[in-house]
Structure formats: structure tokens, C-alpha cells
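Chemist: just the structure for this:
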Amino acid sequence: MNAELLEALNILEEEKNISKETMMEAIENSLINACKNHFGTSDNIKVIMDHETCDYSVIAEKEVVEEVYDPAIEITLEDAQKVDSKLNMGDIVQIPVESKSFGRIATQNAKNLILQKIREEERKVVYDQYFEKEKDIVTGIVQRYIGKNISINLGKADAILTENEQVKNEVFQPTERIKLYVVEVKNTPKGPKILVSRTHPELVKRLFEAEVAEVKDGTVEIKSISREAGSRTKIAVWSNDENVDPVGACVGMNGARVNAIVNELRGEKIDIINWSDNPALLIENALSPAKVISVAADPDDKTASVIVPDYQLSLAIGKEGQNARLAARLTGYKIDIKSETQAVESGELPADYMDQMEEVVDEYIEETYDEEITDEAITDNECTEDAYTEDEIEFVETEE
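Modeler: Modelled structure (predicted):
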């Protein structure tokens, strides 16, 4: 029997990850509980168990008295001396208790106590396993839809992906494997309750840690992240090694790294920008891909006024204000975006600003045009000496 018990405990420890010490303690408690049910008390009961062999014995300590009023805790001198002839009145004698003598109810209660302990330990082991994965990503298998929620199998436990944590328009098929962010793990009487998400910004961060070695080892640090799940994410990255380009490391060769994450997120767009301690530069980067003329940031009020070219205004704001909204979340600044024309009208730019810009542009084009014609024409021999004058440039088509 003891060999069978030891084997059973070894199997529990191997398959369920329940320690033998815990189960032996449960067996001891069950035997004491059985004695209480059988004798009416367990105050004088001791269980001695060898944790190596699982041999055990149950001992009842009884006081030697002249007349017995409670057989559970008292014994006559005559009966006591049958155990040990040296005992006298008032001594304590240890009487072995045969567990086979327990009644059916006491035995059943002891069995239920052990089974309850096994179930509790199973739940505790599963809870501890997934509690360690809290704030991390796990891979789950889609089981079925429960209303608008989705049941996900994580291995030893099931999780529920609620409607609020699902990305709009994402549809999963049973047996499909997906990545999930573990938001919280709660310990309940029915087992661990695991809350997972597909919309949490940290999901993108953890995916980059899994995909980009430089992020995982700390060379590249994700400083900030803002996300509108299913549509677009912006992340700001910083390199702790001047020889490592943080944006390039996250993008990967030919975009391999970022594309792997985009595929996992079902086509969600990801903007990766350089982090800067200078709030104006950070805001300029955050509004990418829009070009910015000027940024006036107030670190105390966490506000910023941004001026962009007229033709870049819609790009800076984004569809339904998405680009500006994500940039504001990423930087922590309330961003006010204006076009050049609006800035001139509000007095933030001088009234002749547009004229000045036109002159600068015209001068730049003229200089660039002349330089390109002079250098390229002479180099490629596309302008002949007769065709080139100081006042005009004529393009002469050369025969191939």
C-alpha cells in the first residue's frame, strides 16, 4: 500500500507539478480529520509519516486514570500496563490507532479532503504559471465564440478574449493560433481567470521584443508607444549604442522584422520614429510622415504649436485626426497644428512670410536649375559650345 501511495505521489508531482511534501501534509491532515470524525476529538492524535517511504502511523495519546470517563483520551492503569508495565497513574501512554477501524463516513471525509487538496494545488500551480506571464504575450488557440467573446486555450488554462479587447474586424477561425497580451491573472475558487487582449499597446512592444534582438537585450529601447488597434501604431525608439540605428534595427533588412509584426497584427500600420529629449524635435518626428516648418513646445503646460506647409496640413492631421491624435499620445503634448496661411492670419508668422518663402524658393530653384544644367550638360556633353550662352541654355538632343 505504501509503495502504491509513493508511486501515486510521484505521478502527481511529475504530471501535475504538485509537490510530494504538500500531498503528504494533506494526507496527515486527512487522517487527523478522520480521527476527529471517528472518536469525536483529535486533540490527542499525532500522525507520524516517513516522507521517504510513505510509511505512517497514527498515535492516540491517553492519560492513565483510575476510572475512564472519556475513552478517547483516557485509559485505565490495567490496560495501560499491557502496553508498558512501567506506567503509573497520571502518565501519558501512546496507543496505536488502526485506520482500518475508521467508519465509512470518516473514511469518505478523509478521501474528500485529499481530493480537495489536489484540486486546490492544481489551481494554484496553474495560477502561478500564468501569473508569471502577466504583462507578457502568450500564444493561444482559438476554440469557439461565446456570444461576442472568444474562448482561447492557452495550454493548461482557458482565457476569454472579451469584445472590448478584440480588434474591430478581426475574425478568427477555430484552431487558429494567435498572439495575446496577458492583461491580468486573477485567482478564483474555480481556478485562475486570465484576461487577455489584442488591442493593448503593450502587445506591440512585446512583439518587437520577441522579433528584434536589440530590443530584447536593451540596446534599443522603446521609449513610448501609442496605438489605435487595427489601424495604426506609433513607437518612439532610442539606442543606447551610438553605433546602432534604432529605427533600422526595428525595421530590419528589407523591412523583414517590422513586416513580421505587421502580419501578426493583420496589416496594422506601424510608424517607427527616433526618440528625442528635445520635445520640439520629438513632436516633429511624431508627426511623420508630414513635414514640419516650426514647433513651439511648452514643457510646463505640455502644449505645442506646430506650423506645417499648406499642402501638408491634411497629412499632419491624418484621416479623422488620427496622425495628430497618435502623435499627442506618443509625446504627451497637446498639439495644435496650423498651416502657413493660418499662422500668418493668426500673427504667428509675419505678414510677408509667404512672399519671403516664394523668394527663397525661386532663388533655390534658379540656383539648382543653373547648377544642374551646367554640371550635367558639360559632364554628359549634351550642350555644345554653340548651344550654350550666358543668357540662355538650350537643350540639344544627342543622337544615341
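
Chemist: can you give me the buried ones in the helix or strand containing Gln108?
Modeler: Using DSSP states H and E, Gln108 maps to helix 104-131. Residues 106-107, 109-110, 113-114, 117-118, 121-127, 129-130 are the ones in helix 104-131 that count as buried (16 or more other Cβ atoms under 10 Å). The way it works is simple: take the backbone N, C-alpha and C, and place the C-beta from them, glycine included.

Chemist: identify the residues contacting Ile261.
Modeler: Contact analysis of Ile261 by Cβ atoms under 8 Å, 6 or more residues apart in numbering lists Val204, Leu207, Phe208, Glu211, Ile270.

Chemist: again, but for Leu154
Modeler: Applying Cβ under 8 Å, 6+ apart, we find Leu154 in contact with Tyr130, Val138, Thr139, Gly140, Ile194.

Chemist: the helix or strand encompassing the third one to helix 104-131, inter-axis angle?
Modeler: Mapping Thr139 onto the secondary structure by DSSP H and E places it in strand 137-146. Calculated by axes from the mean of the first three to the mean of the last three Cα atoms, to 10 degrees, strand 137-146 forms an angle of 120 degrees with helix 104-131.

Chemist: quick one, grab the pLDDT at Ile114.
Modeler: Ile114 carries a pLDDT value of 77.

Chemist: could you pull up the residues touching it?
Modeler: Met23, Ala26, Ile27, Ser30.

Chemist: give me that answer again for 7 Å
Modeler: Ala26, Ile27, Ser30 (Cβ atoms under 7 Å, 6 or more residues apart in numbering).

Chemist: sorry, back to before: C-terminal to the strand holding Thr139, what's the next element?
Modeler: Later in the chain than strand 137-146, the nearest helix or strand by DSSP H and E is strand 149-153.

Chemist: state the distance from the residue nearest to the spatial centre of the chain to Arg123.
Modeler: By Cα atoms, centre = their mean, the chain has its centre lying nearest to Asp136, at 2.4 Å. Distance, Asp136 to Arg123, by Cβ to Cβ, to the nearest Å: 21 Å.

Chemist: and the strand holding Thr139, which strands flank it?
Modeler: Sheet partners assigned to strand 137-146 using DSSP bridges are listed as strand 149-153 (antiparallel), strand 177-188 (antiparallel).

Chemist: quick revisit: which of the contacts of Ile114 fall in helices?
Modeler: Per DSSP state H, helices hold the following members of those: Ala26, Ile27, Ser30.

Chemist: just among those residues, which is most surrounded?
Modeler: Neighbour tally across the ones in helices among the contacts of Ile114 (other Cβ atoms under 10 Å): the maximum, 22 neighbours, falls on Ser30.
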